[in-house]
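Undergrad: this one's sequence-less:
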């Protein structure tokens, strides 16, 4: 049976593991395409142990030339402190701002700032490619999660920039999701056909929540007939390290690109 053109994901159960406050729009889009969506967060966004480094950077923001933001979570955490410190957006007007992707750019623009650079591909390596020739002798503020890959600071420092890595938030495994996820995966009639991963952290935490550092080494029955869908190559590499084969990967590294990849995969399956 070919998928319904208006509801190509009808009959498909999809597990969304984004943080609770971010899952809504993705889930709504999938439901609009006919999918049955299950939401169990694989990741929790928490405040950093101390805001001192972020506050100090914001108080001295005029000393920076570039500001790099790698997620909408980082943007909102930064803006919360800007309000707390009673700073104005005028204090940031001199900055050249780089956003890792369209969702981050949208969050920045919402607060009245202009984005100078969005890379061609929404990964750290592409940020470096776009900035390497622009940051020699410049001071760069990189606002991000506590734990993240060090590609951007390492490569930009090698290009002659002074890079300050500033923690704005941290991610954690949501313990409340553990029992729900295990129960779901054990239930053959409710188990998802597709599990969505939007970051390496969601992949690692999924494995952790299932009780094993490598989800692929779990009982084959738990993951039988389950496909893993990845937002891009970095997340896919993490899934493979965890012995979780990637069935679907977005060509454009956004949630919209991921949805398109899932729909295309659904059509490909039914055309066989």
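TA: Yes, it's here. Quantities reported herein were computed from a predicted structural model and do not represent experimental measurements.

Undergrad: Secondary structure element for the residue nearest to residue 20 when sequence neighbours are not counted, which one?
TA: In this structure, residue 20 finds its nearest non-sequential neighbour in residue 41, 5.1 Å apart by Cβ to Cβ, 6 or more residues apart in numbering. Yep, even glycine has a C-beta here, placed from its N, CA and C like the rest. Per DSSP states H and E: residue 41 is located in neither a helix nor a strand.

Undergrad: three-state assignment of the closest residue to residue 53 other than its chain neighbours?
TA: Nearest in space to residue 53, with sequence neighbours left out and distances taken as Cβ to Cβ, 6+ apart, is residue 166 at 5.4 Å. Secondary structure for residue 166, judged by DSSP: H, G, I helix; E, B strand; the rest coil, is strand.

Undergrad: and residue 161, how many residues sit next to it?
TA: Around residue 161 there are 23 other residues, counting by other Cβ atoms under 10 Å.

Undergrad: wait, residue 228
TA: 24.

Undergrad: quick one: what helix or strand has it in it?
TA: strand 227-230.

Undergrad: Identify each buried residue in the next helix or strand after that strand, please.
TA: Note on strand 227-230: by DSSP H and E, the next helix or strand toward the C-terminus is helix 233-241. For helix 233-241, the buried set under the neighbour-count rule, 16 or more other Cβ atoms under 10 Å, comprises 234-236, 238-239.

Undergrad: of all those residues, which comes closest to residue 18?
TA: Lowest distance from residue 18 to the buried residues of helix 233-241 (Cβ to Cβ) belongs to residue 235, with 12.4 Å.

Undergrad: Can you check what angle separates the longest helix anywhere in the chain from helix 233-241?
TA: Longest helix of the chain, by residue count under DSSP state H: helix 255-270. With axes from the mean of the first three to the mean of the last three Cα atoms, to 10 degrees applied, the angle from helix 255-270 to helix 233-241 works out at 50 degrees.

Undergrad: can you list the weak-confidence ranges in the protein?
TA: 1-4, 23, 122, 212-221, 270-272 (pLDDT under 70).

Undergrad: where along it do the helices fall?
TA: Under DSSP H, the chain gives helices at 23-32, 52-59, 72-84, 102-110, 124-131, 151-158, 177-186, 200-209, 233-241, 255-270.

Undergrad: nearest to residue 171, of those?
TA: helix 200-209 (5.2 Å).

Undergrad: From the rest of the structure, what touches the closest one?
TA: Outside helix 200-209, the residues within contact range by Cβ atoms under 8 Å, 6 or more residues apart in numbering are 17-18, 42-43, 147, 171, 173-174, 177-178, 181-182, 195, 197, 213-215, 230, 234-235, 237-239, 242, 244.

Undergrad: Kindly give a single ChimeraX line that selects the buried subset of these.
TA: For the buried members of the contacts of helix 200-209, the matching ChimeraX selection, counting by 16+ other Cβ under 10 Å, is:
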select :17,18,42,43,171,173,174,177,181,195,197,215,230,234,235,238,239,242,244
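
Undergrad: on that earlier part again, turn the buried residues of helix 233-241 into JSON lines, columns for distance to residue 25.
TA: Shown next, in JSON lines, are the buried residues of helix 233-241 (distance: Cβ to Cβ, whole Å):
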{"residue": "234", "distance to residue 25": "22"}
{"residue": "235", "distance to residue 25": "19"}
{"residue": "236", "distance to residue 25": "23"}
{"residue": "238", "distance to residue 25": "23"}
{"residue": "239", "distance to residue 25": "23"}
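
Undergrad: which one of those sits closest to residue 254?
TA: residue 235 (12.2 Å).

Undergrad: State the distance from the residue nearest to residue 20 to residue 19.
TA: Relative to residue 19, residue 41 is positioned 6 Å away (Cβ to Cβ, to the nearest Å).

Undergrad: Check residue 160 too.
TA: 36 Å.
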